[in-house]
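J.: structure of the sequence below:
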Amino acid sequence: MSDNKHNLQYFETRSMRELFDAMQAWQVENKQRFLSLSIEREENAVCCIALTNPSEVIIVDGGEVEGVYVSNGALSVKQARPL
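T.: All right, here's what the predicted structure looks like:
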């Protein structure tokens, strides 16, 4: 698992099509999703600042173990001790 604690990405291209291609290639290469995007035109470029899903947020199907898991389509959290 990568240490993705820095979840800010920057892309700059000449067109929206190039921006799409660059961002799609980044997602495939890094196996991460974008949480939010801000796309702006700056002079002759199309720029995007994107937030990715940081590694601190991990959802797993852990069954009966402590943690976060999915059961029957619902997200559940189990704690070892009450707060």
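
J.: isn't residue 37 up against residue 48?
T.: Yes - with contact defined as Cβ atoms under 8 Å, residue 37 counts as touching residue 48 (5.8 Å). Quick note: C-beta positions are derived from backbone N, CA and C, even for glycine.

J.: tell me which of those two has more neighbours.
T.: Applying other Cβ atoms under 10 Å to residue 37 and residue 48 shows that residue 48 carries more neighbours, namely 19 against 13.

J.: residues in contact with the helix or strand containing the more buried one: which ones?
T.: Residue 48 is part of strand 45-52, with elements assigned from DSSP states H and E. If you take Cβ atoms under 8 Å, 6 or more residues apart in numbering as the criterion, strand 45-52 is touched by 4, 7-16, 18-19, 23, 30, 32-41.

J.: helices or strands up against the helix or strand hosting residue 25?
T.: Under DSSP H and E, the secondary-structure element containing residue 25 is helix 16-30. Counting by 3 or more Cβ pairs under 8 Å, 6 or more residues apart in numbering; DSSP states H and E, the packing neighbours recorded for helix 16-30 are strand 8-13, strand 34-42, strand 45-52.

J.: what's next to that helix, contact-wise?
T.: Residues from elsewhere that reach helix 16-30 (Cβ under 8 Å, 6+ apart): 2, 9, 11, 13, 33, 34, 39, 46, 48, 50, 52.

J.: list the buried ones in that helix?
T.: 19, 23 (16 or more other Cβ atoms under 10 Å).

J.: just the C-alphas of it, formatted as PDB.
T.: The C-alpha trace of helix 16-30 is given here as PDB (Å, rounded to 0.1, in the frame of the first residue of the first chain):
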ATOM      1  CA  MET A  16      -9.900  19.700 -21.700                       C
ATOM      2  CA  ARG A  17      -9.300  16.500 -23.800                       C
ATOM      3  CA  GLU A  18      -5.600  16.400 -22.800                       C
ATOM      4  CA  LEU A  19      -6.600  17.100 -19.200                       C
ATOM      5  CA  PHE A  20      -9.000  14.200 -19.200                       C
ATOM      6  CA  ASP A  21      -6.400  11.900 -20.700                       C
ATOM      7  CA  ALA A  22      -3.700  13.000 -18.200                       C
ATOM      8  CA  MET A  23      -6.000  12.500 -15.200                       C
ATOM      9  CA  GLN A  24      -7.300   9.200 -16.400                       C
ATOM     10  CA  ALA A  25      -3.700   8.000 -17.000                       C
ATOM     11  CA  TRP A  26      -2.800   9.200 -13.500                       C
ATOM     12  CA  GLN A  27      -5.800   7.200 -11.900                       C
ATOM     13  CA  VAL A  28      -4.900   4.000 -13.800                       C
ATOM     14  CA  GLU A  29      -1.200   4.300 -12.900                       C
ATOM     15  CA  ASN A  30      -1.800   5.200  -9.200                       C
END
